[in-house]
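J.: Just to be clear, the model below is a prediction. Sequence and coordinates:
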2 protein chains.
Amino acid sequence: MRSDAQQNRDRIIAAARAEFTEHGDGASLNRIAQRAGVGAGTLYRHFPSAQALLVAIITDDVAALHAHGTALLDHPDPAQAIRNWLAAVALHATAMRGLVATELVRGGPALADCHRAVRGVTEALLDRAGSAARADDVLTVVNAVAWASEHTPGAGLPRMLELIRV
Amino acid sequence: MRSDAQQNRDRIIAAARAEFTEHGDGASLNRIAQRAGVGAGTLYRHFPSAQALLVAIITDDVAALHAHGTALLDHPDPAQAIRNWLAAVALHATAMRGLVATELVRGGPALADCHRAVRGVTEALLDRAGSAARADDVLTVVNAVAWASEHTPGAGLPRMLELIRV
DNA sequence: CTAGCATATGGAGAAGCTCTCCGGATAGCG
DNA sequence: CGCTATCCGGAGAGCTTCTCCATATGCTAG
């Protein structure tokens, strides 16, 4: 990749991160391009869809999330470990304004690696806690709840996470 | 209200019901107006926002839902009753393509009556089943899950509802 | 039965969105 | 330094939501 292209790509990702954090689902690709100081065409060449853009952002975040999850495997209390983990997943989902993460949980193949990593940790933690729940289902529910908690004023994320049987 | 206005209002609601069922969140108010055979202005005068339109539709549906819930209060197995009820709520949410219902669960004051009715039944059923969970939280989670199950291929709604502790 | 008015209509249009296209600029190699 | 493959920007097509107001029509009072 040419150096100017790389530079633009980085700036677009930074702008997108700001835009998604600020406007959530109301994010506008137009505005992202403006923030990044590039034309719309440039944005769309680098990221053919809004989803591709999210994939790039989330891929970064998931690395940190995965490290946290791996560390939790050594937690003395397995039941507490899975609870901590799901709270971390929910927080990650919230950081990207929920909707986003939910749509991508089982989304495109581009995110397959990310999802596999998160599911792997979830499975291990569920197993250690003696749970029979499917990791995929649990993750979907957690993401859905994270998303809902932002859209329903007065809804406490922790309290709703308590309602998930694991 | 003038009779022609009433007629248009009815036709708009019918068109909206069809459009939402067909296109889910991708529903277009423009298309609803076309389907109903009215101008965009007419649609917006009757329903200032997409939400107002949904309120009208959902208000109808909730009446039937509420009747079902009330009947469940006589169910011999309280634990089964609450499970049946939540499945019915999820189904109702799915009928309106999830997103919709989730956004409205604690939404505008226009839907307060509906919400109160549903919450009342939920509280009674939870109480009878000896649960300490907050009805609001349970409903939010159920709606979120219903929504998520449509957006994540392979996610089974019943299996995810099993994960909710009540 | 009709006349007049309050009420309702519809579609053009403003503003914003996503996404495409391509003439022109430029990075970086030889 | 010059040439070319690569990359850029923004105009524009075709959507969208939502507003405005000249026109049409239901309803009522006479």
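T.: Looks like it came in fine. This one's a predicted model, so the numbers in the text were calculated from it and none came from an experiment. Numbers count the residues shown, from 1 in each chain, chains lettered A, B, ... in the order given.

J.: where do the helices sit along chain A?
T.: Per DSSP state H, chain A carries helices over the ranges A:3-23, A:29-36, A:40-46, A:50-72, A:78-95, A:99-104, A:112-128, A:135-151, A:157-161.

J.: Between these, which one is closest to residue B:93.
T.: Between residue B:93 and those, the shortest separation by Cβ to Cβ is 11.2 Å, and it involves helix A:135-151. Where C-beta positions appear, they are placed from N, C-alpha and C, glycine not excepted.

J.: for that closest one, which positions count as buried?
T.: For helix A:135-151, the neighbour count (16 or more other Cβ atoms under 10 Å in any protein chain shown) marks A:135-151 as buried.

J.: rewinding a little: single out the most deeply packed of the helices of chain A.
T.: Across the helices of chain A, averaging neighbours per residue (mean count of other Cβ atoms under 10 Å in any protein chain shown) puts helix A:135-151 on top, at a mean of 25.

J.: Can you tell me how far residue A:36 is from DNA strand C?
T.: 13 Å (Cβ to the nearest atom of the strand, to the nearest Å).

J.: Nearest spatial neighbour of that residue, chain-adjacent residues omitted?
T.: Counting by Cβ to Cβ, 6 or more residues apart in numbering or on different chains, residue A:15 is the residue found nearest to residue A:36 once chain neighbours are left out, at 3.8 Å.

J.: Provide a list of residue ranges in chain A with pLDDT below threshold.
T.: Applying pLDDT under 70 to chain A picks out residues A:97-109, A:153.

J.: and it, which of its residues are near DNA strand D?
T.: Proximity of chain A to DNA strand D, by Cβ under 7 Å from any atom of the strand, involves residues A:1-2, A:4-5, A:7-8, A:37-42, A:44-46.

J.: List just the nearest of those residues to residue A:91.
T.: The closest of these to residue A:91 turns out to be residue A:46 (Cβ to Cβ; 28.0 Å).

J.: who's in contact with that closest one?
T.: A:5, A:8, A:9, A:12 (Cβ atoms under 8 Å, 6 or more residues apart in numbering or on different chains).

J.: May I see those organised as TSV, with distance to residue A:60 added?
T.: Shown next, in TSV, are the contacts of residue A:46 (distance: Cβ to Cβ, whole Å):
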residue	distance to residue A:60
A:5	19
A:8	17
A:9	13
A:12	14
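
J.: Same list, the residues you listed, but as JSON lines with distance to DNA strand C please.
T.: Output for those, formatted as JSON lines (distance: Cβ to the nearest atom of the strand, whole Å):
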{"residue": "A:5", "distance to DNA strand C": "8"}
{"residue": "A:8", "distance to DNA strand C": "11"}
{"residue": "A:9", "distance to DNA strand C": "13"}
{"residue": "A:12", "distance to DNA strand C": "13"}
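
J.: ok, the residues you listed vs chain B, which is closest?
T.: Ranked by distance to chain B (Cβ to the nearest Cβ), the contacts of residue A:46 are led by residue A:12 at 25.6 Å.

J.: The closest one contacts residue A:33, correct?
T.: Yes: at 7.5 Å, residue A:12 counts as touching residue A:33 under the criterion of Cβ atoms under 8 Å.

J.: Between those two, which contacts overlap?
T.: With contacts taken as Cβ under 8 Å, 6+ apart, the residues that reach both residue A:12 and residue A:33 are A:42, A:43.

J.: Can you give me the distance of residue A:5 to residue A:11?
T.: 11 Å (Cβ to Cβ, to the nearest Å).

J.: Same question for residue A:165.
T.: 44 Å.

J.: now swap in residue A:119 and tell me
T.: Taking Cβ to Cβ, one finds residue A:119 at 32 Å from residue A:11.

J.: again with residue A:64
T.: 22 Å.

J.: next one: residue A:21
T.: Going from residue A:21 to residue A:11 by Cβ to Cβ gives 16 Å.
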